[in-house]
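# Return a 3D structure for these sequence lines:
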Amino acid sequence: MISPAATECRDLEEEHRPARIRERISRPKGEGAIGDFVLGGVDGVVTTFAVVAGSAGARLPIMTVIVLGLANLAADGFSMAVSNYLGTRSRQQEVRRARADEDWQTHACPEGERAEIREIFSRKGFEPPELDRIVAVISSDRRVWVDTMMQEELRLSEISAKPLRAGVVTFVAFSLCGFIPLLPFILGGPSELLFTRSTVLAGATFFILGLFKGAVVGGSRLVSGVQTLAVGSAAAMLAFAVGALLRDAFGLVT
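Predicted coordinates:
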């Protein structure tokens, strides 16, 4: 029987065959959509359940909770999606500007840029004559030269998420996950149980999103789930407290 470790080692060796390496390097993954989904999902539950908790603290009518919650889903979800889209696009534009500037510098001051390449690889432990050959090879190809400066000097990567995809995924995740705390109020039932049911659903969603995030990033799923649940719970308690304080301050009655 082949052990799991042996299977993993064999798979790893397969992934490092020259053909697979060339294929992987030529088509880098870049930033995936998972981060956008988790971000949108968590924020959707936080903001929508904050509306529910604040309304519960103020003892507002059920229809008011539904209207405020749905309005929040539409407006805040759209706002967050647009913000993510613009933020991702801005990062791409920043990288393009930096690349254009580095390309110009290699034309305007090639000796200075070669000196920077020399310093970069000298810090990595290379010494003449290997260092001289490295500088000569890199600076002989303009694209490789600029790529090296982008990665080694500026620490900027041109591999990033697509802005449109980032915005759409964020909005979908925000809407789907944010709708969950509103379900008890929309489906109806004993009024005294609606907030409790919403709390349970919101908590479960927080925890599941945290588990999902932990599985994706390779950390502890349980720790990630508990952390996400804790953040959401803190936001909900704050919203509930604000609603209760405003109810007492302004004498709100149901």
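# Now name the helix or strand holding the residue most central in space within the chain.
The centroid of the chain falls nearest to residue 35 when counting by Cα atoms, centre = their mean (3.4 Å). Under the criterion of DSSP states H and E, residue 35 resides in helix 34-58.
# any idea how far residue 85 is from the residue nearest to the centre of the chain?
As judged by Cβ to Cβ, to the nearest Å, residue 35 and residue 85 stand 14 Å apart. Where you see a C-beta, it was placed from the backbone N, CA and C, and this is true even at glycine.
# do the same with residue 173
14 Å.
# Settle it for me: which of the two has more neighbours?
residue 173 (26 against 21; other Cβ atoms under 10 Å).
# For the closest residue to that one other than its chain neighbours, list the residues it contacts.
Of all residues not flanking residue 173 in the chain, residue 40 sits nearest, at 3.4 Å (Cβ to Cβ, 6 or more residues apart in numbering). Residue 40 sits next to 77, 80-81, 84, 169-174, 177 when contact means Cβ atoms under 8 Å, 6 or more residues apart in numbering.
# residue contacts, the residue nearest to residue 148 when sequence neighbours are not counted?
Leaving aside its chain neighbours, residue 148 sits nearest to residue 138 (5.4 Å; criterion: Cβ to Cβ, 6+ apart). Shown in contact with residue 138 (Cβ under 8 Å, 6+ apart): 117, 144-145, 148.
# Please, which helix or strand holds residue 138?
Short version, using DSSP H and E: residue 138 is in helix 130-139.
# Now that helix: buried residues?
Under the neighbour-count criterion of 16 or more other Cβ atoms under 10 Å, helix 130-139 has 131, 134-135, 138-139 buried.
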